[in-house]
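Engineer: Sequence below, structure please.
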Amino acid sequence: MKLIRFGEQGKEKIGVQIDGINYDTSAFGGDYNESFFENDGLAALEEFVKANSGKLIPIADTERIGAPFARPSKIVCIGLNYKDHAEETGASIPAEPIIFMKSTTSLSGPYDKVMIPRDSVKTDWEVEFGIVIGKKASYVDESDGLDYIAGYVLHNDVSEREYQLERGGTWDKGKGCDTFAPMGPYLATKDEIKDINNVNIWLKVNGQMYQNGSTKNLIFSVPFIVSYVSQFMTLLPGDVISTGTPAGVGLGFNPPIYLKAGDIIELGADGLGESRQEVIAYSRH
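Structural biologist: Residues are numbered from 1 along each chain as shown. Below is the predicted model:
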């Protein structure tokens with residue numbers, strides 16, 4: 001299945017995408033949140049969709065598409081997980097996964113605008129393959145890692161490089177700004193992705209291709225990442241782990257290229273759809 005959410009920010013309704021058409025499933029009740037995943041909501045939703053085949057109401061094309069799940073308890077990210085990206089940024093290949101967090105308030109929809117933070121001059125892009133956790137995970141064995149996954153999601157890990165690298169401390173400062181985590185257009189359940197080790201992911205800015213990679217080049221695999229992160233924190237249903245970005249970020253160019261108001265970011269991944277964000281200048285909101 002492909003799960004979507006639609007409507008005004010903070011008041012989203014739930015839906016599914018079938019054969020490229022978005023349908024309203026709000027009659028199912030609830031939201032795609034921790035309780036939904038924890039209580040086998042995916043199986044119940046699948047039964048609901050089957051029972052209502054031919055009766056579901058299509059969603060108007062004018063409706064905003066939100067993030068495909070409610071704000072999770074955490075968004076965990078893996079840094080420098082593609083060899084080519086580590087090399088382009090001048091970093092050494094990590095011996096163990098680098099973990100950082102994105103503030104959950106950075107979560108936004110796949111077509112929402114990306115707002116450059118106040119006084120920022122080094123806002124950058126990162127296309128990523130995201131994991132959505134399906135059940136509580138603590139001290140998981142790598143061999144069982146995939147059993148804890150509900151599905152996968154496209155993620156633009158928008159990053160402010162000055163805040164991340166020049167302001168002291170951890171990377172989190174440059175990762176959690178408002179609008180810095182556009183996700184979607186949908187959550188694809190595990191069965192939708194035939195080979196998680198061979199998913200092409202790409203990103204363009206103003207029509208120019210900057211990133212064009214594949215999960216086959218991940219340093220640390222998806223099940224290993226789930227296992228590894230679960231050694232340091234309990235993962236709850238609905239939590240997101242973003243698995244890293246391939247080469248082609250703005251920071252990696254000489255001189256670096258950073259986003260400015262008016263830029264258009266487009267990104268996509270096999271089986272996870274495409275998203276598009278217009279970049280805007282900072283404003284109070």
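Engineer: and the gap between residue 123 and residue 115?
Structural biologist: The gap separating residue 123 from residue 115 is 9 Å, by Cβ to Cβ, to the nearest Å. All C-beta atoms are positioned from the backbone trio N, CA, C, and that covers glycine.
Engineer: and what of residue 141?
Structural biologist: Residue 141 is 41 Å from residue 115, by Cβ to Cβ.
Engineer: Tell me which of those two has more neighbours.
Structural biologist: For residue 141 versus residue 115, neighbours defined as other Cβ atoms under 10 Å are more numerous around residue 115 (23 against 11).
Engineer: So in terms of bridging, what pairs with that one?
Structural biologist: As for beta bridges, residue 115 partners with residue 280 under DSSP bridges.
Engineer: ok, the residue positioned nearest the centre of the chain - contacts?
Structural biologist: Compute the mean C-alpha point of the chain, and by Cα atoms, centre = their mean the closest residue is residue 155, 2.7 Å away. Residue 155 makes contact with 127, 128, 129, 130, 181, 182, 183, 240, 242 under the criterion Cβ atoms under 8 Å, 6 or more residues apart in numbering.
Engineer: Across the sheet, point out what pairs with it.
Structural biologist: With DSSP bridges as the criterion, residue 155 is bridged to residue 128, residue 183.
Engineer: Roughly how far does it sit from residue 138?
Structural biologist: To residue 138, residue 155 is 24 Å away according to Cβ to Cβ.
Engineer: quick one, helices of this protein?
Structural biologist: Taking DSSP state H as the criterion, the chain carries its helices at 34-38, 41-51, 83-88, 161-165, 222-229.
Engineer: weakest of these by average pLDDT?
Structural biologist: Ranked on mean pLDDT, the bottom entry among the helices of the chain is helix 83-88, at a mean of 83.
Engineer: Can you select the buried ones among the contacts of residue 155 for me in ChimeraX?
Structural biologist: Buried residues among those (16 or more other Cβ atoms under 10 Å), as a ChimeraX selection:
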select :127,128,129,130,181,182,183,240,242
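Engineer: can I get the contacts of residue 155 in JSON lines with pLDDT?
Structural biologist: What follows is those, written out as JSON lines (pLDDT from 0 to 100):
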{"residue": "127", "pLDDT": "98"}
{"residue": "128", "pLDDT": "98"}
{"residue": "129", "pLDDT": "98"}
{"residue": "130", "pLDDT": "98"}
{"residue": "181", "pLDDT": "98"}
{"residue": "182", "pLDDT": "98"}
{"residue": "183", "pLDDT": "99"}
{"residue": "240", "pLDDT": "98"}
{"residue": "242", "pLDDT": "98"}
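Engineer: List just the nearest of the contacts of residue 155 to residue 75.
Structural biologist: Comparing the contacts of residue 155 against residue 75 with Cβ to Cβ picks out residue 240 as the nearest, at 4.7 Å.
Engineer: still on that earlier bit, tell me the residues that contact both of residue 123 and residue 115, please.
Structural biologist: With contacts taken as Cβ under 8 Å, 6+ apart, residue 123 and residue 115 have residue 279 as neighbours in common.
Engineer: where are the low-confidence patches of this structure?
Structural biologist: Within the chain, the ranges that satisfy pLDDT under 70 run 285.
Engineer: Recalculate using a threshold of 90.
Structural biologist: 83-93, 169, 284-285 (pLDDT under 90).
Engineer: where do the strands sit along the stretch 101-250 of the chain?
Structural biologist: Assigned by DSSP state E, counting those that start in this stretch, the stretch 101-250 of the chain shows strands spanning 107-108, 114-115, 123-124, 127-133, 149-156, 159-160, 181-182, 187-189, 200-205, 208-214, 240-242.
Engineer: measure the residue nearest to residue 103 when sequence neighbours are not counted to residue 73 for me?
Structural biologist: Setting aside the residues directly before and after it, residue 103 is nearest to residue 176 in space (Cβ to Cβ, 6 or more residues apart in numbering), at 3.1 Å. Summarising the geometry, the distance separating residue 176 from residue 73, computed by Cβ to Cβ, is 15 Å.
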